[in-house]
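Sequence below, structure please.
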Amino acid sequence: MSSLTVTDAYVRLGEKAVLAGVSAAFAAGQITTIIGPNGAGKSTLLNLLAGLRLPDRGQIELDGADINTLTLRARAQRVAYLPQIPEVAWAVDVRTLVGLGRTPFIGARGLSAEDDAAVERAMIAGGVAAMAERTVTTLSGGERARVLIARALAGEPQWLLADEPLTGLDPGYQLDVASLFRKMAHDSGRGVIVTLHDLHMALRMSDRVIVLAEGRVLADGTPMEALSPQILAQAYGVQTRFWDGEAGPVIEIICGRG
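Coordinates of the predicted model:
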């Protein structure tokens, strides 16, 4: 089973240590959610795991190999990354955009029958098959977000790294995306790592939660462990409590800072 690890990672921006000795081992077959206050280092950590930047110190390994020694093509075949603010500048149809997810696999002759089949599977999984012929720039923000997720799925990666993938989606789409990620992890055995601000969705969709604060790992465990009132008070300065809802545990924020 595929593995992705970060060991003693340090990243500095000017005088600030954005990450200060972060270590974690990620397992395929589960959803790991990274949470923490603004400036905690969530997006920076995701960029390291995707091989999009080098740590000032430390190492990132994909299946035991330094991720930054892999060719861009080899890395892109195994790791898909969804940025926090995805941009679509081209007025292309949905099928064409999703097909770009096959770029790391395309030979000199263009998309093969196998590639076309992967694109169709990705559109179905992402819930965008019905809009395959629509122009991407005419879609709503939520629809466009789902198309970009389908593009990532088209590459059939071992790992999906998504920075705030639920932002801008209405509640129904949020649940659809969470369900899709669970299927990727639990049914297909892939690794899914996401950053979130929504504590309730982190509790609901995650197998494991890592809490970052001031560039360090404050907690790493099951959602109930890592999202405990004590941990959230340390990370966010808020008072919270759990209560049992019809769909499972709910985090209630009792009072905030001050």
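
Check the secondary structure at the nearest residue to residue 44 once chain neighbours are set aside for me.
Distances taken as Cβ to Cβ, 6 or more residues apart in numbering put residue 18 closest to residue 44, at 4.9 Å, once the chain neighbours are dropped. No exception for glycine: its C-beta is placed from N, CA and C like everyone else's. Three-state assignment for residue 18 (DSSP: H, G, I helix; E, B strand; the rest coil): strand.

which residues touch residue 111?
Residues counted as contacts of residue 111 (Cβ atoms under 8 Å, 6 or more residues apart in numbering) are 99, 102, 119.

For those residues, pick the one with the most neighbours.
Within these, neighbour counts (other Cβ atoms under 10 Å) peak at residue 119, which reaches 26 neighbours.

For the helix or strand hosting that one, buried residues please.
Using DSSP states H and E, residue 119 sits in helix 113-126. Residues 115, 118, 119, 122, 123, 125, 126 are the ones in helix 113-126 that count as buried (16 or more other Cβ atoms under 10 Å).

wait, isn't the first one in contact with residue 101?
Okay, so that is residue 115. No - here residue 115 does not reach residue 101: they are 9.4 Å apart, not a contact under Cβ atoms under 8 Å.

so which strand or helix has residue 230?
helix 229-236.

Return stretch 141-150 as PDB; C-alpha atoms alone will do.
Written as PDB, here are the backbone C-alpha positions of stretch 141-150 (Å, rounded to 0.1, in the frame of the first residue of the first chain):
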ATOM      1  CA  GLY A 141     -18.500  28.100  -8.800                       C
ATOM      2  CA  GLY A 142     -19.700  24.900  -7.300                       C
ATOM      3  CA  GLU A 143     -20.100  23.200 -10.600                       C
ATOM      4  CA  ARG A 144     -16.600  24.300 -11.600                       C
ATOM      5  CA  ALA A 145     -15.200  23.000  -8.400                       C
ATOM      6  CA  ARG A 146     -16.700  19.600  -9.100                       C
ATOM      7  CA  VAL A 147     -15.200  19.600 -12.600                       C
ATOM      8  CA  LEU A 148     -11.800  20.300 -11.200                       C
ATOM      9  CA  ILE A 149     -12.100  17.400  -8.800                       C
ATOM     10  CA  ALA A 150     -13.100  15.200 -11.700                       C
END
